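Colleague: Here's my sequence, what's the structure:
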Amino acid sequence: MPKRTTIIYTSNDGPRTDAAQLYVYYCKYSGKHAFTTDIDIDTLPLRRTDNARILDTSKNTVKLYTSDGGTKLLRRQDGRVERQHRLNIGTLPVAYTSDGADNMLYILDRAVTCYSHTGERGSKVDVLSGA
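Modeller: As a prediction, this is how the structure comes out:
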């Protein structure tokens, strides 16, 4: 008669991640969870055309809690047309991707906030100004 074994997995068996390495961002206007990433977006470069933060998803981990906001065509000041695939929280856009850069996520200027990195409960901090 064959032996039967039962393997039980718990959260302790999973990969170890330091909680201080994860940053949770919320929609600045609705307060809903927008995304979680392993990098502070204040350290990301700014895009010159609209001051959006540029997150390279091939180098950083990001978990989005957004919905599809559709595609928008924008005419820039230099006459070029840009196609943006919007990522919304409710009806408000918080980020977008572009056709040419599939691995780039552009986080709109002043669209998200983050809880304090010092561990203080309930104190929200404006992500872009650091105040």
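Colleague: Next, count neighbours for residue 48.
Modeller: Neighbours of residue 48 under the rule other CB atoms under 10 Å: 7. The C-beta positions use only the backbone N, C-alpha and C, and glycine is treated the same way.
Colleague: actually residue 46, sorry about that
Modeller: 12.
Colleague: And for residue 108?
Modeller: Counted with other CB under 10 Å, residue 108 comes out at 19.
Colleague: cool, and residue 54?
Modeller: Neighbours of residue 54 (other CB under 10 Å): 14.
Colleague: Pull the helix or strand hosting it out as PDB, backbone CA atoms only.
Modeller: Secondary structure from DSSP states H and E places residue 54 in strand 53-56. What follows is strand 53-56, C-alpha atoms only, in PDB (Å, rounded to 0.1, in the frame of the first residue of the first chain):
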ATOM      1  CA  ARG A  53       7.500  60.000 -12.900                       C
ATOM      2  CA  ILE A  54       9.000  57.200 -15.100                       C
ATOM      3  CA  LEU A  55       9.000  53.700 -13.500                       C
ATOM      4  CA  ASP A  56      10.800  51.000 -15.500                       C
END
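Colleague: which parts of it are buried?
Modeller: Residues 53, 55 are the ones in strand 53-56 that count as buried (16 or more other CB atoms under 10 Å).
Colleague: Dihedrals phi and psi, the spatially most central residue of the chain?
Modeller: Nearest to the geometric centre of the chain sits residue 35, at 4.1 Å (CA atoms, centre = their mean). Residue 35 adopts backbone torsions of phi -160, psi 160, taken as degrees, to the nearest 10.
Colleague: try residue 41
Modeller: phi -70, psi -10.
Colleague: Let me know the pLDDT of the nearest residue to it once chain neighbours are set aside.
Modeller: Nearest residue to residue 41, sequence neighbours excluded (CB to CB, 6 or more residues apart in numbering): residue 53, at 4.9 Å. If you check residue 53, the pLDDT there is 95.
Colleague: List the contacts of residue 53.
Modeller: Contact analysis of residue 53 by CB atoms under 8 Å, 6 or more residues apart in numbering lists 41, 44, 45, 46, 47, 106, 107, 109.
Colleague: Helices of the chain, start to end?
Modeller: Counting by DSSP state H, the chain has no helices at all.
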